[in-house]
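1. Below is the sequence, then the predicted model.
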Amino acid sequence: MTAFPTPPKPTVATSRVQRLFGFRTRLYLTWAALCALFASFFLSFDLKFSIILDKLPNLVGLHLAPNGFLQGAALTLFLCLCSIVASSLLGFVTALGRLSKSAVAFGIASFYASFFRGTPLLIQILLIYLGLPQLGVVPGAIAAGIIALSLNYGAYLSEIFRAGILGVPHGQREAALALGMRDSVIFWNVTLPQAMRTIIPPTTNQFISMLKDSSLISVMGVWEVMFLAQSYGRSSYRYIEMLTTAAIIYWAMSIGLELIQARMERHYGKGYVRRG
């Protein structure tokens, strides 16, 4: 029988190098290198940082708008937070309607999801902002934007919620029934917590898309990031500075959502972590 040589054990120096340049270290170095390349690309446009520094407080939302309300990134976050709550509720209710045995509930839910997924968000914004006044309801630009974003993304979230609920093995419900648990208790304490593990990633992806699509509300004159960037770029004839700054602000807000996603994934994925 042929004896294979045993691999040499790592030395102390090798172990130290592995700890020093572990996964996280290599990850941070990769991000640093890519950020440096990203910055050098935009610096090649010969940006005037004095203009950026002058307009940055308004773009970030440190100052209130002339009407006394939020502006810039602060207003964008306000729009998205309100829309996230409303669209999540709409998506959850619609998903339950799609899973219902009631023909009426299924019909309403499927019609709503089909219409708002099948028409452009910009048209929906304009229909709500310009169409409702003809019915006697005059929403403000901010309210119309929140309604449009909530209705649009609620339709997409309904499919994500429905897929997550259906993805839970049926045996989980059968086991809970065998223990004498009621259907409502099974849904809230067994099915939904397991579904959240698959629901969170695509849901956060939709929220990041909502954050960017909120720029469409600028067509109604709302003083959010994109509206201010276009206005300042038009007045100073320095569009690249303003658009680059707006892009970085949107990116920073998206990273915040990604961090929240990672934390929620760790929370709902505890039961699936392999313990050595």
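-> Thanks, I have the structure now. Please read all numbers here as calculations on a predicted model, not as lab measurements.

2. From now on I want contacts and neighbour counts done on CA atoms only, so please keep to that.
-> Fine.

3. Just give the nearest non-adjacent residue to Ser83, would you?
-> Nearest in space to Ser83, with sequence neighbours left out and distances taken as Cα to Cα, 6 or more residues apart in numbering, is Ser150 at 4.8 Å.

4. Assess the claim that Gly221 and Phe227 are in contact.
-> Yes - because the distance of 7.0 Å satisfies Cα atoms under 8 Å, Gly221 is recorded as touching Phe227.

5. circling back to that earlier point, the residue nearest to Ser83 belongs to a helix, doesn't it?
-> Yes - counting by DSSP: H, G, I helix; E, B strand; the rest coil, Ser150 is located in a helix.

6. who touches it in this structure?
-> Applying Cα atoms under 8 Å, 6 or more residues apart in numbering to Ser150 gives the contacts Ser83, Ile84, Ala86, Ser87, Leu90.

7. So for Gly221 and Phe227, which sits in the more crowded spot?
-> Phe227 (22 against 12; other Cα atoms under 10 Å).

8. State whether that one is indeed within a helix.
-> Yes - assigned with three-state DSSP, Phe227 falls within a helix.

9. What's the mean pLDDT across stretch 184-198?
-> With pLDDT averaged residue by residue, stretch 184-198 scores 89.

10. what's the answer for stretch 41-53, then?
-> Stretch 41-53 comes out at a mean pLDDT of 84.

11. Which element is encountered next along the chain beyond the lowest-mean-pLDDT helix or strand in the chain?
-> Ranked by mean pLDDT, DSSP states H and E, the helix or strand of the chain with the weakest confidence is helix 12-20, at a mean of 62. Where DSSP states H and E defines the elements, the next helix or strand beyond helix 12-20 is helix 23-43.

12. May I have that following helix as CSV, with CA atoms only?
-> Extracted C-alpha coordinates of helix 23-43, given in CSV (Å, rounded to 0.1, in the frame of the first residue of the first chain):
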residue,chain,number,x,y,z
PHE,A,23,-10.9,37.5,3.6
ARG,A,24,-12.0,40.8,5.1
THR,A,25,-8.6,42.4,4.5
ARG,A,26,-8.6,41.3,0.9
LEU,A,27,-12.1,42.5,0.5
TYR,A,28,-11.4,46.0,1.9
LEU,A,29,-8.2,46.2,-0.3
THR,A,30,-10.3,45.3,-3.4
TRP,A,31,-12.9,48.0,-2.6
ALA,A,32,-10.1,50.6,-1.9
ALA,A,33,-8.5,49.8,-5.3
LEU,A,34,-11.8,50.0,-7.2
CYS,A,35,-12.8,53.3,-5.4
ALA,A,36,-9.4,54.7,-6.3
LEU,A,37,-10.0,53.8,-10.0
PHE,A,38,-13.5,55.2,-9.8
ALA,A,39,-12.2,58.5,-8.3
SER,A,40,-9.5,58.8,-10.9
PHE,A,41,-12.0,58.4,-13.7
PHE,A,42,-14.2,61.3,-12.4
LEU,A,43,-11.2,63.5,-11.6
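
13. Please identify the buried residues of the lengthiest helix in the chain?
-> Looking across the chain with DSSP state H, the single longest helix is helix 239-268. Of the residues in helix 239-268, 239-243, 245-246, 249-250, 253-254, 257-258, 261, 265, 268 count as buried by neighbour count, 16 or more other Cα atoms under 10 Å.

14. Going by contacts, tell me the helices and strands next to it.
-> Contact partners of helix 239-268 among helices and strands, from 3 or more Cα pairs under 8 Å, 6 or more residues apart in numbering; DSSP states H and E: helix 49-60, helix 192-213, helix 225-236.

15. Apply 7 Å and report the result again.
-> helix 192-213, helix 225-236 (3 or more Cα pairs under 7 Å, 6 or more residues apart in numbering; DSSP states H and E).
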